[in-house]
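1. Structure for this input, please:
(one chain, ligands or ions: 1)
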Amino acid sequence: MGFIFKLLLTALIILVVWWVVKFRGRMSVLKAAVQAAKRAAQQAANAPTSKVPVVLVACPKCGTYIATGTVCICANEST
Ligand SMILES: [Zn+2]
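-> Okay, the predicted model is just below:
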């Protein structure tokens, strides 16, 4: 009985150590993911393009409101 108990105890210790290593690995991956998400959020907040709102301007030809920098549909139709 003593031998079987030692064997089970050793197996249990190996299992616990393996589980701890696996859990730590998961935690580090999770931390890295969280840090990456935080960095992405900061970059998005710091990016000048994200702060500039979409400005709508009326097309000089047809009067349709379009975002600045984009070409109106009527311009494509004329060409
Ligand atoms: Zn137009």
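
2. drop to CA atoms for contacts and neighbour counts, all remaining ones
-> OK.

3. Ile66 belongs to a strand?
-> Yes. Under the criterion used here (DSSP: H, G, I helix; E, B strand; the rest coil), Ile66 sits inside a strand.

4. how close does it sit to Pro60?
-> 11 Å (Cα to Cα, to the nearest Å).

5. if you count what's nearby, which of those two comes out ahead?
-> Applying other Cα atoms under 10 Å to Ile66 and Pro60 shows that Ile66 carries more neighbours, namely 16 against 9.

6. contacting residues around that one?
-> Taking Cα atoms under 8 Å, 6 or more residues apart in numbering, we find Ile66 in contact with Leu56, Val57, Ala58, Cys59, Cys72.

7. Is it bridged to anything, and to what?
-> Beta-bridge pairing of Ile66 under DSSP bridges involves Val57.

8. any idea how far the ion is from the residue most central in space within the chain?
-> Nearest to the mean C-alpha position of the chain, by Cα atoms, centre = their mean, lies Ala37 at 5.0 Å. Distance of Ala37 to the ion, given as Cα to the ion, to the nearest Å: 40 Å.

9. restrict the contacts of Ile66 to those near the ion?
-> Among the contacts of Ile66, the ones lying near the ion by Cα under 5 Å from the ion are Cys59, Cys72.

10. If any of the contacts of Ile66 are buried, give me the PyMOL selection for them.
-> Of the contacts of Ile66, the buried ones can be selected in PyMOL as follows, counting by 16 or more other Cα atoms under 10 Å:
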select buried, resi 59+72
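
11. that older thread, make sure the residue nearest to the centre of the chain is indeed in a strand.
-> No. Counting by three-state DSSP, one finds Ala37 to be helix, located in no strand.

12. any idea how far Ala44 is from it?
-> As for Ala37, its distance to Ala44 is 10 Å (criterion: Cα to Cα).

13. what do you get for Val29?
-> 22 Å.

14. again, but for Val20
-> 36 Å.

15. Could I get the average pLDDT for whichever strand or helix holds Val34?
-> For Val34, the host element (DSSP states H and E) is helix 2-46. Mean pLDDT, computed over helix 2-46, is 88.
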